[in-house]
Structures are given as C-alpha cells and as structure tokens.
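S.K.: need a 3D model of the following:
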Amino acid sequence: MAQAKKTRVIKIEFFRKKLEKEKRKILKELSRYAKISQVKGKTEFVPRHIEVGSSKDEDAQEFGLYEQNVAIEETLKSRLEKVEAALKKILKGQKGHYGICESCKRLIELKRLNTFPEARHCTFCHKKGLVD
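M.R.: Below is the predicted model of the structure:
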C-alpha cells in the first residue's frame, strides 16, 4: 500500500513540473500579444497595439491584426486559467483532487493527462461533451 502512495506522489510531482513548464510557455507566448502586469495579486493582460501606418488601408489592416491578436490572447488566457486551476489542485493541498474527473469522480487516464495535464474530465466524460 505504501508503494502505491509513493508512486502517486511521484506522478503528481511529474505533472506539477509539466504544468509549471506549460504555464511559463503560455506566459511567454502571451507576452507577444499583451502586456502582463500584477495588480493586487491578480494577473492582468492589456492587448498590445499594433501600428501599421496612418492611411485608411493601413488602419483597416491594423484593426484586423488587432482582432486576430485579441483572439489568440483570449485562447492563451483560457489555457492559462486551466493550467493554473490544475496547479492549484496540486499545490493548495488538494492533491487528492488532481487527476480526478470533475464529473464522474473516476481517475483521468494517464495517457490523457500526459497529453493534456490540465484536463478536468476523463476521456469518457469529455466525449459526452464536457469540455476541458
């Protein structure tokens, strides 16, 4: 029994490191699209303004790039929230909750966690339409 617990702790540490690496990667990518700042312990993102030129055509191009960048930023922020939520489960004393499906309460498959360490649902529940 002690061996099983030790194995689980090792896997949790593996996923903690993997999630922290993913968080750094997302923050680095986000910094290309937004200015990142800390305000009262909360991370805030301000989209970067892209200046192409001053003509109307250039303004239109600028607006298109801005919209595209905001969409990418929103996707990255969503991923970051999921990664931070998974890390919180590991780091804030909720070790028994990481890797457990939020819907059916079964273990999330290791193959799924290896690919998507921030997963909140097992493959079965995910296929039922519960989106991570």
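S.K.: lowest-confidence helix or strand of the protein?
M.R.: Every helix and strand of the chain was ranked by mean pLDDT, DSSP states H and E. The lowest is strand 42-47, at a mean of 69.
S.K.: give the buried residues for the helix or strand just after it.
M.R.: The element immediately downstream of strand 42-47 (helix or strand, assigned by DSSP states H and E) is helix 56-91. Judged by neighbour count (16 or more other CB atoms under 10 Å), helix 56-91 contains these buried residues: 62, 66, 69, 72-73, 76-77, 79-80, 82-84, 86-87, 89-90. In this view, the C-beta of every residue, glycine as well, is placed from N, C-alpha and C.
S.K.: going by distance to Val39, which of the residues you listed wins?
M.R.: The shortest separation between Val39 and any of those is 15.2 Å, and it belongs to Lys77 (by CB to CB).
S.K.: wait, doesn't that closest one sit right on Phe45?
M.R.: Yes. Taking contact to mean CB atoms under 8 Å, the distance of 6.3 Å between Lys77 and Phe45 places them in contact.
S.K.: which residues are common contacts for these two?
M.R.: Common contacts of Lys77 and Phe45 (CB atoms under 8 Å, 6 or more residues apart in numbering): Leu30.
S.K.: show me the shaky parts of this structure.
M.R.: Flagging of the chain using pLDDT under 70 yields the residue ranges 1-10, 43, 46-59, 61-62, 93-96, 130-132.
S.K.: from Glu67, how far off is Lys11?
M.R.: Relative to Glu67, Lys11 is positioned 41 Å away (criterion: CB to CB, to the nearest Å).
S.K.: ditto for Glu81
M.R.: Separation of Glu81 from Glu67 (CB to CB) stands at 21 Å.
S.K.: what of Gly129?
M.R.: Between Gly129 and Glu67 the distance, using CB to CB, works out to 29 Å.
S.K.: again, but for Lys25
M.R.: Using CB to CB, which is the criterion applied here, Lys25 is 24 Å from Glu67.
S.K.: wait, Lys23 sits on Val83?
M.R.: Yes. With contact defined as CB under 8 Å, Lys23 and Val83 form a contacting pair (5.0 Å).
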